[in-house]
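> pasting the structure only:
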């Protein structure tokens, strides 16, 4: 299907927002304004945005440690995300979760996850719920190439196929699990090959082409909505930055020419070129999108900074439901 | 009152809750009874042997409005799902700031004494107690098994139901109707004034048998069954300890970092209770070994009735006791 111009503009805006959000998160961490670890999604924006374009607010996603992009693409409020990074009470988790545990159940974002592979079983449970509800809703499970070496990945694909769960497994193969190249961890570098063993479609996608990600996801989501079961999409992509940083970015260990080659395939630049070439958006309109993103981010940081820290007397609140 | 087995009581609890609430579903590699016949394959899920994914699916479906019951069948198999239990289930509500509830029940058999050897004879509930975030029930009678499991299924939190293997065929009276036992409330199974025995699961019955024997010697033993390990009914434990001044704790898990240790600590940490104690607290627990297979070795590894009795005599001896009580066994 062909996307209309407002939809393309929305995708472009969301991709730019994700990139600028994480660039800002890095700067804030260096400045000591936020704490813990930051896992930037920069470079992979086409995956979250292309996948979530097929989803409604009733559909659900699970995420991993590199989750800011998934949150934003699924419709989370960047002000509350930023407040969570700042550890404030207006954050999604009231400051209890931080970067690796942002969730927004109201928009179907069932949580980032600090354990590689840990979200796959939870996603299968959400898909089981959707199957039992019978409303045609689906679940998308985002994970990386590293998770494909975890047992939970194989258990999840197996049971999802046996039970025909309405789920789309989206592997973001960014070529490295932490600092280990995909070829060192897997005998085959194509994670999609696992799909055959679990009797589901497995598709390799250019994860830096948001339009290809969108088109492929639409097929997989339609299949899941029809009740025909799961699919495995492998989006080949690349993270521009380090795996994770704490006080300062760690030294780069990947080959410079490899980084340059992937940056030349910048997913945002490619979408901009696409809309410019076809005269769908002008350079001025794209500039306006960028200005709007900058303003929204500044507002999110201001919102976070004015939000109070949690009161230590609330330490035990939220442990158990009534 | 109707007498049914512990196992049958647990099956009734699940069936009644599934009848009561269509959002209760159950997943396991196999089931006792025949829930499939009544509730059908959508809600009764025979699963592959995949404990990690089942455990996480319980959480995921719970977070989306269902009330799953995941039966690991034996607690041993839950160790395959440690990530989902430790990193996810016990933390998911708190780390997301309480924005969703996760009403999932995890069931498992526990304990030794039936010749299943090292892996399948474990009682690791204190590992789960340590996590802070899981409720834990550990019933000793058919009535408590039914009432507590029904409460667990209705609870809006992850609850682990430890179901003692040695009690499966034991029968007892179970009230008719919608019989509920609240989570977090201990029960004094026998009242007494000289010594408190806090006993768990199978050892509630052993403690009652010891109490009966000692009554003939003029020693009045009080038997307290916590029934729930998280939350633990500390008030009832304190009240009994203050009343008798002497406490013996009996469980078939090894003593190190055990539920028995936690109960002992909670009793002595309370100043008012501490001041009433007349003797050191004694723990009667399993030997610190993997439970062996051969019957004489297994019996030697697990607490025995004579050890419980000896511990009662010891706390009486070590205390400032009435001379007439102690005369009989000196």
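Everything's here; your move. What you are looking at is a predicted structure, and each value in this text was computed from that prediction instead of being measured.

> check contacts around the closest residue to chain A within the stretch 151-300 of chain B.
Nearest to chain A, among the residues of the stretch 151-300 of chain B, is residue B:156, at 3.8 Å (CB to the nearest CB). Just so you know, the C-beta spots here come from the backbone N, C-alpha and C atoms, and that holds for glycine as well. If you count contacts by CB atoms under 8 Å, 6 or more residues apart in numbering or on different chains, residue B:156 has them with A:321-322, B:101-103.

> Now with 6 Å, please.
A:321, B:101, B:103 (CB atoms under 6 Å, 6 or more residues apart in numbering or on different chains).

> Same question for residue A:85.
Contacts of residue A:85 by CB under 6 Å, 6+ apart are A:34, A:99.

> Quickly note the distance from it to residue B:46.
In this view, residue A:85 and residue B:46 are 43 Å apart by CB to CB, to the nearest Å.

> Need the residues that contact the helix or strand harbouring residue B:297.
Per DSSP states H and E, residue B:297 falls inside helix B:295-301. With contacts defined as CB under 6 Å, 6+ apart, helix B:295-301 is touched by B:286-287, B:289, B:291-292.

> gap between it and the chain center?
22 Å (CA atoms, centre = their mean, to the nearest Å).

> quick one: buried residues of it?
Residues of helix B:295-301 classed as buried: B:298, B:301 (neighbour count, 16 or more other CB atoms under 10 Å in any protein chain shown).

> Please apply the same query to stretch B:37-50.
Buried, per 16+ other CB under 10 Å, within stretch B:37-50: B:39, B:43-45, B:47, B:50.

> repeat for stretch A:8-19
A:8-9, A:11-19.

> low-confidence ranges in the stretch 201-330 of chain B?
B:320-330 (pLDDT under 70).

> Tell me where it has strands.
B:221-225, B:228-230, B:247-254, B:282-286 (DSSP state E, counting those that start in this stretch).

> Let me have those in CSV, adding mean neighbour count and distance to chain A as columns.
CSV is the format used below for the strands of the stretch 201-330 of chain B (neighbours: other CB atoms under 10 Å in any protein chain shown; distance: least, CB to the nearest CB, whole Å):
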stretch, mean neighbour count, distance to chain A
strand B:221-225, 27, 22
strand B:228-230, 24, 9
strand B:247-254, 27, 24
strand B:282-286, 22, 28
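
> Show me where the stretch 1-150 of chain A has its helices.
Using DSSP state H, counting those that start in this stretch, the helices of the stretch 1-150 of chain A run over A:5-30, A:45-52, A:68-74, A:78-85, A:119-133.

> closest one to residue A:245 among these?
Smallest distance to residue A:245 across those (CB to CB): 6.3 Å, for helix A:5-30.

> Give the rounded mean pLDDT of the closest one.
The average of the pLDDT scores along helix A:5-30 is 98.

> how far is that helix from where the chain is centred?
12 Å.

> Same question for stretch A:177-184.
19 Å.

> which other residues reach that stretch?
A:145-146, A:175, A:185, A:189, A:243, A:253.

> Write the PyMOL selection for whichever of those are buried.
Per 16+ other CB under 10 Å, the buried members of the contacts of stretch A:177-184 correspond to this PyMOL selection:
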select buried, chain A and resi 145+146+175+189+243
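
> Of the contacts of stretch A:177-184, just say which sits nearest to residue A:270.
residue A:175 (18.1 Å).

> nearest spatial neighbour of that closest one, skipping sequence neighbours?
residue A:182 (5.3 Å; CB to CB, 6 or more residues apart in numbering or on different chains).

> The one you found and residue B:75: what is the separation?
For residue A:182, the distance to residue B:75 - CB to CB - is 37 Å.

> that older thread, confidence score at the residue of the stretch 151-300 of chain B closest to chain A?
pLDDT, read off for residue B:156, is 98.

> Would you tell me which residues of the stretch 1-150 of chain A are close to chain B?
When proximity is defined by CB under 6 Å from any CB of the partner chain, the stretch 1-150 of chain A lies next to chain B at A:93-94, A:96-97, A:101, A:103, A:105, A:111, A:115, A:118, A:121-122, A:124-126, A:128-129.

> give me the element the nearest residue to residue A:190 once chain neighbours are set aside is part of.
Once flanking residues are discounted, residue A:190 sits nearest to residue A:204: 6.1 Å by CB to CB, 6+ apart. According to DSSP H and E, residue A:204 maps onto strand A:202-206.

> by contact count, what packs against that strand?
helix A:210-226, strand A:231-236 (3 or more CB pairs under 6 Å, 6 or more residues apart in numbering or on different chains; DSSP states H and E).

> Which of those has the highest mean neighbour count?
strand A:231-236 (a mean of 26; mean count of other CB atoms under 10 Å in any protein chain shown).

> Give me the sheet partners of it and which way each runs.
In the sheet, strand A:231-236 lines up against strand A:167-173 (parallel), strand A:202-206 (parallel) (DSSP bridges).

> Point out the most buried one among those.
Greatest burial across the strands paired with strand A:231-236, using mean count of other CB under 10 Å, falls to strand A:167-173, with a mean of 29.

> Run through who's touching that one.
Contacts for strand A:167-173 (CB under 6 Å, 6+ apart): A:44, A:47, A:51, A:127, A:139-142, A:144-145, A:160, A:191, A:220-221, A:224, A:230-237.

> how much does it deviate in direction from helix A:119-133?
In this structure, strand A:167-173 runs at an angle of 160 degrees to helix A:119-133, with axes from the mean of the first three to the mean of the last three CA atoms, to 10 degrees as the basis.

> average model confidence for strand A:167-173?
pLDDT averaged over strand A:167-173 gives 98.

> Would you mind getting the angle between it and helix A:210-226?
Going by the same axes, to 10 degrees, strand A:167-173 makes 150 degrees with helix A:210-226.

> now strand A:167-173 against helix A:45-52, angle please.
Using the same axes, to 10 degrees: strand A:167-173 against helix A:45-52 is 170 degrees.

> What's the first helix or strand after strand A:167-173?
From strand A:167-173, the next helix or strand downstream (DSSP H and E) is strand A:176-177.

> so the residue nearest to residue A:190 makes contact with residue A:193?
No: using CB atoms under 6 Å, residue A:204 makes no contact with residue A:193, being 9.0 Å away.

> measure the most centrally placed residue in chain A to chain B for me?
In chain A, the residue lying closest to the centroid (CA atoms, centre = their mean) is residue A:70, at 2.8 Å. To chain B, residue A:70 is 15 Å away according to CB to the nearest CB, to the nearest Å.
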